[in-house]
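J.: Need the 3D shape of this:
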Amino acid sequence: MRRADRLFQIIQVLRRTRKPLTADAIAAELETSKRTIYRDIASLIEQRVPIRGEAGMGYILEKGFDLPPLMLTPDEIEACVLGAQWVVGHADPALARAAEDLMAKIAETVPDRLRPFVLEPASRARSAWNREPDRIDMVKTRSQIHEGKKITLNYRDEHGRDSERTIWPIAVGYHEAVRLLAAWCELRKDFRSFRTDRVVAATYHDDKYPERRDLLRARWRRSLVWEAPKVT
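T.: Numbers count the residues shown, from 1 in each chain. Predicted coordinates:
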């Protein structure tokens, strides 16, 4: 590995974790010596890369550090393109357009030698087939998730029974043919998943739900360890 590539990879390794990493751990991942890592980190610090730590204690990259745009490896480009292809085939129109724009931006900004990895990728995601259409505004739904605001659904279950549910939306799950909106249901007082193709109508509220969004998401994740949210 060239030294310039190794310096870049050290930054990438440090960016992936919030805990201090020792030179031994970094050296093992990059398949080089601990002495080389010490020397490279000293060089990065001299270049004003905000790395804190010391030998024997570990190193951490301070928040807010940005690399020059799109310094991507071929594998990272392939991963971005493969993920974007999947989004184009499975997500709602707004996200699909965003994924197409992303691939176009990557193709425009990467060096010429890397452009074939975008335009002629070795991997390809299959387009969705027999997908049920969303019957809810997915753009507005994602906005409510980010802002921690409630939604009231008029929902029809698989047996054709209608109900009204006020929910605290958490995340949208993408499956091959359907999408699920995971949420806390005020009626059931538990986590539930609602198929977006079974929503009859939705009301988006301006008021936020009372729980902190990060704590609600953490409770939901813990619930998944034991039992997946029930589809109603």
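J.: tell me, which strand in the protein spans the most residues?
T.: Longest strand of the chain, by residue count under DSSP state E: strand 162-174.
J.: how much space between the most centrally placed residue in the chain and E100?
T.: In the chain, the centroid-proximal residue (C-alpha atoms, centre = their mean) is G83; its distance is 10.4 Å. To E100, G83 is 13 Å away according to C-beta to C-beta, to the nearest Å. (Glycine included, C-beta is placed from N, CA and C.)
J.: from the chain's centre, how far out does stretch 27-37 sit?
T.: For stretch 27-37, the separation from the chain centroid amounts to 29 Å (computed by C-alpha atoms, centre = their mean, to the nearest Å).
J.: likewise stretch 173-182?
T.: 15 Å.
J.: same check, this time on stretch 48-63
T.: Relative to its chain's centre, stretch 48-63 lies at 26 Å (C-alpha atoms, centre = their mean).
J.: repeat for stretch 99-109
T.: 18 Å.
J.: And the contacts of it?
T.: With C-beta atoms under 8 Å, 6 or more residues apart in numbering as the test, stretch 99-109 has contacts from 69-70, 72, 77, 80-81, 83-85, 87-88, 91, 115, 118-119.
J.: Which strand or helix spans V88?
T.: Element membership for V88 (DSSP states H and E) is helix 74-90.
J.: Same check on A98?
T.: helix 93-109.
J.: quick one: that helix to helix 74-90, angle?
T.: 150 degrees (axes from the mean of the first three to the mean of the last three C-alpha atoms, to 10 degrees).
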